[in-house]
Every structure is written in structure tokens, then in C-alpha cells.
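Trainee: dropping the sequence and predicted coords here.
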Amino acid sequence: MSRAETPPEQLDVLVVGAGISGIGAGRYLRTEHPAKSFAVLEARGASGGTWDLFRYPGVRSDSDLHTFGYDFKPWRDRQAIADAPRILAYLREVVAENGLDAHIRYHHRVTALSWSSGEARWLADVERTDTGERLRLSARWVFCAGGYYRYDRGHTPRFEGRENFRGTVVHPQQWPEDLDHAGRRVVVIGSGATAVTLVPALAETASHVTMLQRTPTYVMPVPREDAVAAALRKWFGEERGHALARRKNIAQQRAVWSFAQRFPKTARKLIRWVNTRQLPKGYPVDEHFNPPYDPWDQRLCAVPDGDLFKAIGRGAAEVVTDRIVRFTGRGVLLESGRELEADIVVTATGLTVQALGGIALTVDGEPVQLSRTVAYKGMMLSGVPNLVMAIGYTNSSWTLKIGLLCEHFCRLLSHLDAHGYDAACPEPGDPDMPTRPFLDFAAGYILRAVDQLPRQGDRMPWLTSMSYHSDVKLLRSDDVADPELRLFRATGAGEGAAPDGAAAPPGEDAEPLTGPVAGRRED
């Protein structure tokens, strides 16, 4: 029987991605909606997402695991800023403890999603990445948990003369297992979270490591172990101690960000003072650690126990702030005329942002252009029914928001079930609502892709909140029913007005949706 003749498998929820967001979504579905059928499709051959993909030396989180971990599972390890193996073990414990293994299907890549308002279902085109087989699945809802970047390749700018370099060039996202850097000269191009993680790790055995940056980044030392969290667990037990440590760190993250936003000059001086104390006497702090932008215009880089500064202090690593002219046979030639000789060059030059995993969307036969949609509550898209995207915070731990999104999603499913609705579709009450980029964040990897991402509006629920406390109210406490969330039924499901103030569909229940926010002003 051909694929076209084979009825697609029917699911209630299709979760795309088995990383930290997809695993969390699976756990919430198992807990809050145990009767619903769901599958978690993972294009790779293992769970864990980022924490299984990245294999470069020293890979770790730059957020504390009391907040980066799930609120339903205490983080018990002594490392608060934890390395990838510990995070991966934690995630796989969640999978095992919640019976998610049976729901995860590896080597399944979703390539396209097509929505039918008449059936109130998504049809997913799926490719088996191990066999090339193609199949289809049907689902009421899709929860896109694939993160925000391409897993198959990172971002590497074009460097003049790269082909002349006689050494090895590697991007951290494709770190070879057999790459031996011991006793070798390494140049790391970049100054973000990956670079500041790599440099001290490589410096343990390399003959010398140079972090080559075009522009400085704000870097702050943080304790690898959280003594207060450890004390709280000792005094109050694992469950209560974890909850208190989580609250403490949420408040701490918010306080640091708010202080930097309100008093950027003071925050800059404070960071500089800390850097000066960490670095050798007479070190040119302003040249290498004093960015031209304000703190938190881009994400602050955390270095556990000041390991980057320690590597610089003992002479195992250095920072060079300059621009690349070209690669040479021996290394990298800079605008200053200096040539950095290297055996290995690491291009820690960022991620390639990709919304919704690059999946092609159509709604009632019309292609969806993401840049013409507006994000609703930071989790759904205008004109796109029954689809949730999991995007976390940029100014605090990613997973804090993912947990709230999962909670809200489960409450929305309960609301639709209770009132006999099949679908929910956000639609702005004002089609001319002004919009701006989805993420107000000046990082290079975001700016490169901003025209490919959804937008945000100028008011709730169309603002993309980066405040955990605001989202607790919006996503956990407020009613899921909203005048700008249109609820409707599939053909034959019956007539009826939408309850609780939710907008009823114009005309018949199965009326095809108009194009995503057609006529909306794009400025």
C-alpha cells in the first residue's frame, strides 16, 4: 500500500524535538493529560538536544541549574553551573522517571506541517533520517520544541585565505571526537559564551590559547557551586530546599538584569571593577573587557570560578582584540599587522538561527510567512491554529519560561476539552497594530535572522515578555480564554458561541482562516 493510501497515525499532540523543552513538554502532557496520545519526534539519534549535540571541551550551562532545570525535579548535583554530561544525565533521568522513552521516536525529522480548519488537525510530513523513509502523522496540536538554531551547522563567516591555512579549522558545533589539542597552539575566534567556555578548557593542555575577538564582551565570574542552595537543601530537604534555591536565583537573575537596565553606567563600572580584580595588575581591561554597548544589550558571559581570568593570569591564554585580514599558511593575519600562529583555529562565531526547525507551514493551503505573524503570549502565532513554539528567556534561564509555557498549554487543552472546542487561533483585534522584532536583543546571531522571525506587538498579549514574574501572572494565573484567541470546532462538531469571552468564529465553525494577519502594518 502506498503512503498516499495509508491513513496517517492519529495523535492528540505532536512534540517536535527531544531536547530540554520537548522533554519538559512530554512530562507535562503525561502528568496533566495522561489520556491524550502524543509522540516526541527527534531528528537526531539521541535525546538531550544541545546537551547531547555539543561535544567541545568544557561545554556547560551559563545559567544555574536550579533555574535552568525543571521546577518539578530538584537539581541535586553540587555543581550549580554544570557541565554537559551532568545536565544530560539529569534530562535522561526525567525521561526515564516519566516513562517518556516509549513516546520518543528518534531519527524522525518533521519537514512540513499543513493545517486543515475543516478537520481541525495538522498533517505532518516526516522523514526518517536513518532510512530515508517518508511518512505522515496527523495531530490536533503541534508543540515545536526544537529550539531556535540549526542543529546541522553553525555560523561561520567567510574568511579570506582560509584554504591556505595548513592547520585544522573547526566549528564548536561540529567538534571532532579525535581532535587532539594537547601541546598545540590554538586560536579561538569569538568572545561569546562558547568562546569563554572553550578557552580555559583548552588552556589546560594546549601549549597556548588565544581568544581573538573583534569586540569585547561583558564577562563576570560566578561560583561554580552555590553554597546557599546547598545549605537550603541541607536545612529544608531536597524538595523544599530546591524550591527555595530556585526562588532565590530567580530573584537574583532579575535583580542583576533590572539593575543593569536602570543603571547601565554603574553596572559597567562595577563589572570593570570585578574584572580588574580578577586580572593581573596592569592588564589592559578597557581594551579587552569593556564593550561599546551597555550591559545586557547582549547576554552577559558567566565564567565559573573565574576560570577564564585564571587562565589569562597564569599565561596559558590571552585575549587579542583586533580584526582579521586573512588566514595565512601559519595562522591568522590581523589589521594591526600581527600574525597569530596556530595549529588549530576554532571558529566560535555563533549559531545559525532557525525558527521552528525550518519546518514549512501552511494553513488551509496558504503558506505561512513567519515574519508576517505576531507572537501571542510569546508561545503561539497569529493566524496559525493549534501550534505552540517553545522559546525561552534571553535574560535569564531558558527553562523558566518553557515550564510556564507547558503549564499554560496544558490548561488551554483542558479549557478546549471542557467547552467542546477543537482549535484555538490567535488573531489581533487591531490588524494595524504596530509591531517590532520578536526578540529585543542585539546579539549578532539574532540580528542576522531577525527578518525571518515572527514579530511582537505593542501591548499584551502580543508582547514578548522577558519577565518571569510577569509571565507567572500571564501564563499561570490568568484565564486562558482571551478575546483575541479565536476558538472553533471542526466540521460537524456542532454550533455554539464561544465561552468565557473568547471570540467565536465568524460564519461556520469550519470556515477557512484568512492569511496570517493579512493587511497588518509591517513597520
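Mentor: That came in fine, so what should we check first?
Trainee: mind checking the longest helix of this protein?
Mentor: helix 227-262 (DSSP state H).
Trainee: could you find the closest non-adjacent residue to Thr205?
Mentor: Nearest-residue entry for Thr205: Ala182, 4.2 Å, with adjacent residues in sequence omitted and distances by Cβ to Cβ, 6 or more residues apart in numbering. All C-beta spots, glycine's among them, are computed from the backbone N, C-alpha and C.
Trainee: err, Thr210, not the other one
Mentor: Val187 (4.8 Å).
Trainee: which phi and psi does that neighbour have?
Mentor: phi -110, psi 120 (degrees, to the nearest 10).
Trainee: contacting residues around it?
Mentor: 209-210, 212, 331-332, 340, 342, 344-346 (Cβ atoms under 8 Å, 6 or more residues apart in numbering).
Trainee: just the pLDDT at it, thanks.
Mentor: Here the pLDDT value assigned to Val187 is 98.
Trainee: what does Ala502 give?
Mentor: Ala502 is given a pLDDT of 41.
Trainee: domains in the chain, as residue ranges please.
Mentor: Per automatic domain parsing, the domain ranges recorded for the chain read 3-151+353-488, 162-224+263-347.
Trainee: pull the distance from the longest one to the chain's centre.
Mentor: In other words, domain 3-151+353-488. 10 Å (Cα atoms, centre = their mean, to the nearest Å).
Trainee: which regions of the stretch 1-150 of the chain lie under the pLDDT threshold?
Mentor: For the stretch 1-150 of the chain, residues meeting the criterion pLDDT under 70 lie at 1-5.
Trainee: what are the ranges of the strands in it?
Mentor: 9-16, 38-42, 104-106, 108-116, 121-128, 134-144 (DSSP state E, counting those that start in this stretch).
Trainee: the ones you listed: which one's closest to Ala423?
Mentor: Ranking the strands of the stretch 1-150 of the chain by proximity to Ala423 (Cβ to Cβ) places strand 134-144 first, at 8.0 Å.
Trainee: who are the packing partners of whichever helix or strand comes after the closest one?
Mentor: Going down the chain from strand 134-144, the next helix or strand is strand 168-170, by DSSP states H and E. Judged by 3 or more Cβ pairs under 8 Å, 6 or more residues apart in numbering; DSSP states H and E, strand 168-170 is in contact with strand 344-347.
Trainee: gap between the residue nearest to Thr205 and Val274?
Mentor: Ala182 sits at a distance of 32 Å from Val274 (criterion: Cβ to Cβ, to the nearest Å).
Trainee: which of the two has more neighbours?
Mentor: Val274 (16 against 9; other Cβ atoms under 10 Å).
Trainee: who does the residue nearest to that one when sequence neighbours are not counted form a beta bridge with?
Mentor: In space, and not counting its chain neighbours, Val274 is closest to Met220: 6.3 Å by Cβ to Cβ, 6+ apart. When bridges are called by DSSP bridges, Met220 pairs up with Ala302.
Trainee: pull the contacting residues for Met220.
Mentor: 271, 274, 300-303.
Trainee: count the neighbours of His107 for me.
Mentor: By other Cβ under 10 Å, neighbour count at His107 equals 16.
Trainee: run a quick neighbour tally on the closest residue to it other than its chain neighbours.
Mentor: Counting by Cβ to Cβ, 6+ apart, His107 lies nearest to Asp130, which is 4.0 Å off, once chain neighbours are set aside. By the criterion of other Cβ under 10 Å, Asp130 has 10 neighbours.
Trainee: go on, Val320?
Mentor: Count around Val320 with other Cβ under 10 Å applied: 16.
Trainee: tell me which element it is part of?
Mentor: strand 317-321.
Trainee: run through the neighbouring helices and strands of the next helix or strand after that strand.
Mentor: Where DSSP H and E defines the elements, the next helix or strand beyond strand 317-321 is strand 324-327. Strand 324-327 sits against strand 331-334, with contacts defined as 3+ Cβ pairs under 8 Å, 6+ apart.
Trainee: can you name every helix or strand that the strand it packs on contacts?
Mentor: Counting by 3+ Cβ pairs under 8 Å, 6+ apart, strand 331-334 packs on strand 185-189, strand 324-327, strand 339-341.
Trainee: which residues sit against it?
Mentor: So strand 331-334 is in contact with 165, 167, 185, 187, 189, 212, 320, 322-327, 339-342, 345, going by Cβ under 8 Å, 6+ apart.
Trainee: give me the mean pLDDT for it.
Mentor: 97.
Trainee: which of the residues in it are buried?
Mentor: Within strand 331-334, the residues scored as buried using 16 or more other Cβ atoms under 10 Å are 331-334.
Trainee: and that strand, which strands flank it?
Mentor: Short version: by DSSP bridges, strand 331-334 pairs with strand 324-327 (antiparallel), strand 339-341 (antiparallel).
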